[in-house]
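Engineer: one predicted model, sequence on top.
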There are 2 protein chains.
Amino acid sequence: MNIKGFSASAVAAGIRYAGRLDLGLIYSTIPAVTAGVFTRNQVKAAPVIIDMERLKQGRAQAILVNSGCANACTGTKGMEAALATSFLLSSSLDIPDEMVLLSSTGVIGEQLNVDAFASSMGKLVAGLDEEKFEEVARAIMTTDTVPKTVCRTVTIGGHEVNFMGMAKGAGMIMPNMATMLSFVVTDAQISFPELQESLRQAADRTFNRITVDGDTSTNDMVLVMANGTASNEWIDEENLVGRQLFQETLEGVLKELALKIISDGEGATKCITIRVCGAREEAEAEQMARTVANSSLVKTAFFGEDANWGRIIAAMGRSGVRFHPDRVDIAFDNVVLVRNGLALGKEAEAAATEILKQKNISVCIDLKDGAGCEEIYTCDFSIDYVKINADYRS
Amino acid sequence: MNIKGFSASAVAAGIRYAGRLDLGLIYSTIPAVTAGVFTRNQVKAAPVIIDMERLKQGRAQAILVNSGCANACTGTKGMEAALATSFLLSSSLDIPDEMVLLSSTGVIGEQLNVDAFASSMGKLVAGLDEEKFEEVARAIMTTDTVPKTVCRTVTIGGHEVNFMGMAKGAGMIMPNMATMLSFVVTDAQISFPELQESLRQAADRTFNRITVDGDTSTNDMVLVMANGTASNEWIDEENLVGRQLFQETLEGVLKELALKIISDGEGATKCITIRVCGAREEAEAEQMARTVANSSLVKTAFFGEDANWGRIIAAMGRSGVRFHPDRVDIAFDNVVLVRNGLALGKEAEAAATEILKQKNISVCIDLKDGAGCEEIYTCDFSIDYVKINADYRS
């Protein structure tokens, strides 16, 4: 798939390791309406700070992204290095410097290798091609084992509108407003306020609902570029139908990318949805679901395929949400294991243990206290998670 | 060591497994002033609920404790089972039923095997002996690899006052008011309000400062029994010197027990102190230290002996505490690795990596924003942690 007006390129620049794609470029030949959401970690990487400033204008033409170095906690020197890479690209493309957005992922606290950017920039720009979106998705991988892309087409007011999205991330994943890195391009014609609001809502209901390890990165961002070549009627505050279709499709793209991140979570063998229903309010449902989803004991039990619901209710009890333990129902998929706070016995446990052999599992917790319902997506916690993270920098 | 008036006993009752000590008794021949602190998990085990009620009178004579079953999430049946075991013991000892305190640890959600208690009670009571405190410490072990006991003697007003404490716990450890289980006996003569306040303060500064995995148990409790046989001048609100000495000694006992729990944390290879200084207030220092101490990425880096401070600062940034990243210093023991938010370079990193080979490590974080300072004690996160918890119930 390709989208008119967008091209991409990736090269092995040797930023940290030799011989692997580590520098990517997404380019729009015309200025695209562009929105972003960024990490809420107080420690923000240099490219995050630069993009937040540049996106105030709501337009961009290029995303330059590297793996191998996060350019976070690198001070003035790191900021200067980021600006230097932006200038290298804008000069090569002959576009205004402010039309370049930057993104980095990798080790925190090390300085960016600007020389690697300088010596590869010519090749990167020369390689721009409508079909290379997937290569950029490869260039941004760190502990990811697969590139993550999603394509969608929707018809808005008789015009076909296309989306291509990518994401990376496997560890340091509990995004707050965005995940590690995700880029979506679309030919939709949409106003900046609508795009920004649409992205904020979609990210909140997708990327902000996943957790691999409870750790929020310093480099998280989701960028969406809309270049308008679909020629649909402008999506703005008056085009309610178009707005709704755009929002739903974008949310679908982000949700699929978010679940791909969970599925490729560091060492993960299972994808788990924690759904809390019957809470007094949605925020409480989310808080409880997040506490259960981040419990190391719950996650290791899933890895061990052990229907140890006692760990789930213990995590619920420390979540800070008030509830009645003697009203709680817990089900794995459609197998109810606990009714009114009590185990249903050996047969139910055996059936639940069968469910745990699956790769995708839903845990449904009903508090029966109200109408608040929320889901959090997570993965299990395996021996490989520890191996990957004990060795990450070596 | 033994303390006049206290005796102990332990038997293999076969509560869950055959052939291992799993039922313990601590007995005071005279009613002892007794204080307790209990889990703040909203889901509380039956013995916790019973003890909270019984301790309103401030006196007790016996602690009956089992491993193999937590008797949590067991409903009315679990409560009746607990009361039945209390009655079995009070009848055997010929003491009022309210003088018995109960404590359980093990799997959540399974019913208590009262028959095992009934058939072992005679042997348990007959076995009471002044020297068997250590055997009870063995009987309460679950995934613990060593029993944990501490003895102390302090002179208060010319009288020797003695303490013997025990604790168990290796997983589901982030106590909130207490840890898994800990029992302390002393011959101090102390009033109930002083004992309760002394315990509350000491637990808050010791057990409530440790975390193995961020999970708070449903069965946590610390009980202290003081039988007064040291014949020291009564410790009450007027005896300030005695109160201070008692408080310090009790806190010392609990701290040593708490650190023994960390040192024996599930799969742990290292004991790590996370100290945050220079915060605007103590509560913020604690919140940040706790976030760092619970980060899976930080804990796996310690297991890998990787001086990956980027993960520490990323966890600080998501802790919810406001600070200035460009002021932060981070040191491992006396080796400063980060100054004003920036890495100090290869030499400092090499020196920090050497520190990481030790079993005991201090991480000192200075925010330079104020005078708030707090410590949290934790352990690393190893492959064995996952193995232990994937297999726990099998």
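Structural biologist: Thanks, I have it.

Engineer: domains of chain A?
Structural biologist: Per automatic domain parsing, the domain ranges recorded for chain A read A:6-263, A:271-390.

Engineer: any residue of the last one up close to chain B?
Structural biologist: Yes: part of domain A:271-390 sits close enough to chain B to count as contact by CB under 8 Å from any CB of the partner chain, namely A:294-297, A:300-301, A:303-304, A:306, A:308-311, A:313-318, A:322-323, A:325-326, A:338, A:340-343, A:381-383, A:385-387, A:389-390. No exception for glycine: its C-beta is placed from N, CA and C like everyone else's.

Engineer: which stretch in the domains of chain A has the least confidence?
Structural biologist: When mean pLDDT is averaged over each of the domains of chain A, domain A:6-263 scores lowest at a mean of 89.

Engineer: chain center to that one: distance?
Structural biologist: 10 Å (CA atoms, centre = their mean, to the nearest Å).

Engineer: rewinding a little: so which of the residues of domain A:271-390 next to chain B are in strands?
Structural biologist: Among the residues of domain A:271-390 next to chain B, the residues falling in strands (DSSP state E) are A:338, A:342, A:343.

Engineer: turn those into a markdown table, columns for neighbour count.
Structural biologist: Formatted as a markdown table, those follow (neighbours: other CB atoms under 10 Å in any protein chain shown):
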| residue | neighbour count |
| --- | --- |
| A:338 | 23 |
| A:342 | 18 |
| A:343 | 21 |
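
Engineer: CSV for those, including distance to residue A:164?
Structural biologist: Shown next, in CSV, are those (distance: CB to CB, whole Å):
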residue, distance to residue A:164
A:338, 43
A:342, 50
A:343, 48
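
Engineer: what residues of the helix or strand containing residue A:89 count as buried?
Structural biologist: Using DSSP states H and E, residue A:89 falls within helix A:75-93. Residues of helix A:75-93 classed as buried: A:78, A:79, A:81, A:82, A:83, A:85, A:86, A:88, A:89, A:90, A:93 (neighbour count, 16 or more other CB atoms under 10 Å in any protein chain shown).

Engineer: now stretch A:227-237
Structural biologist: Of the residues in stretch A:227-237, A:227, A:228, A:229, A:230, A:232, A:235, A:236 count as buried by neighbour count, 16+ other CB under 10 Å.

Engineer: farthest-separated two in these?
Structural biologist: A:229 and A:236 (17.4 Å; CB to CB).

Engineer: which residue would be the closest one in the stretch 151-300 of chain A to chain B?
Structural biologist: For the stretch 151-300 of chain A and chain B, the shortest gap (CB to the nearest CB) falls at residue A:300, measuring 3.5 Å.

Engineer: quick one: contacts for the residue nearest to that residue when sequence neighbours are not counted?
Structural biologist: In this structure, residue A:300 finds its nearest non-sequential neighbour in residue B:389, 3.5 Å apart by CB to CB, 6 or more residues apart in numbering or on different chains. By CB atoms under 8 Å, 6 or more residues apart in numbering or on different chains, the residues touching residue B:389 are A:296, A:297, A:300, A:301, A:304, B:171, B:266.

Engineer: state the distance from the second one to residue A:318.
Structural biologist: To tie it back to what came earlier, the one meant is residue A:297. Distance, residue A:297 to residue A:318, using CB to CB, to the nearest Å: 11 Å.

Engineer: now swap in the first one and tell me
Structural biologist: Distance, residue A:296 to residue A:318, by CB to CB: 13 Å.

Engineer: of the residues of domain A:271-390 next to chain B, buried ones?
Structural biologist: A:294-297, A:300-301, A:303-304, A:306, A:308-311, A:313-318, A:323, A:325, A:338, A:341-343, A:381-383, A:385-387, A:389-390.

Engineer: from the residues of domain A:271-390 next to chain B, which ones fall inside helices?
Structural biologist: A:294, A:296-297, A:300-301, A:303, A:309-311, A:313-317, A:383, A:385-387, A:389-390 (DSSP state H).

Engineer: measure residue A:224 to residue B:5 for me?
Structural biologist: Residue A:224 sits at a distance of 73 Å from residue B:5 (criterion: CB to CB).

Engineer: more neighbours, the two?
Structural biologist: residue A:224 (28 against 18; other CB atoms under 10 Å in any protein chain shown).

Engineer: of all the domains of chain A, which one is nearest residue B:212?
Structural biologist: domain A:271-390 (8.9 Å).

Engineer: end to end, how far does the closest one reach?
Structural biologist: End-to-end distance of domain A:271-390 (CA to CA, to the nearest Å): 23 Å.

Engineer: ok, stretch A:232-248 next?
Structural biologist: 16 Å.

Engineer: what does that stretch contact?
Structural biologist: The contact list for stretch A:232-248 (CB under 8 Å, 6+ apart) reads A:154, A:156-159, A:161, A:188-191, A:193-194, A:198, A:201-202.

Engineer: buried members of those into PyMOL, please.
Structural biologist: Under the burial definition 16+ other CB under 10 Å, those of the contacts of stretch A:232-248 that qualify are selected in PyMOL by:
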select buried, chain A and resi 154+156+157+161+188+189+190+191+194+198+202
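
Engineer: quick check: the farthest pair among the contacts of stretch A:232-248?
Structural biologist: Greatest spacing in the contacts of stretch A:232-248, by CB to CB: A:158 and A:201 (25.0 Å).

Engineer: residues near the nearest residue to residue A:58 once chain neighbours are set aside, how many?
Structural biologist: Spatial nearest neighbour of residue A:58, excluding adjacent residues (CB to CB, 6+ apart): residue A:192 at 3.5 Å. Using other CB under 10 Å, residue A:192 is surrounded by 16 other residues.
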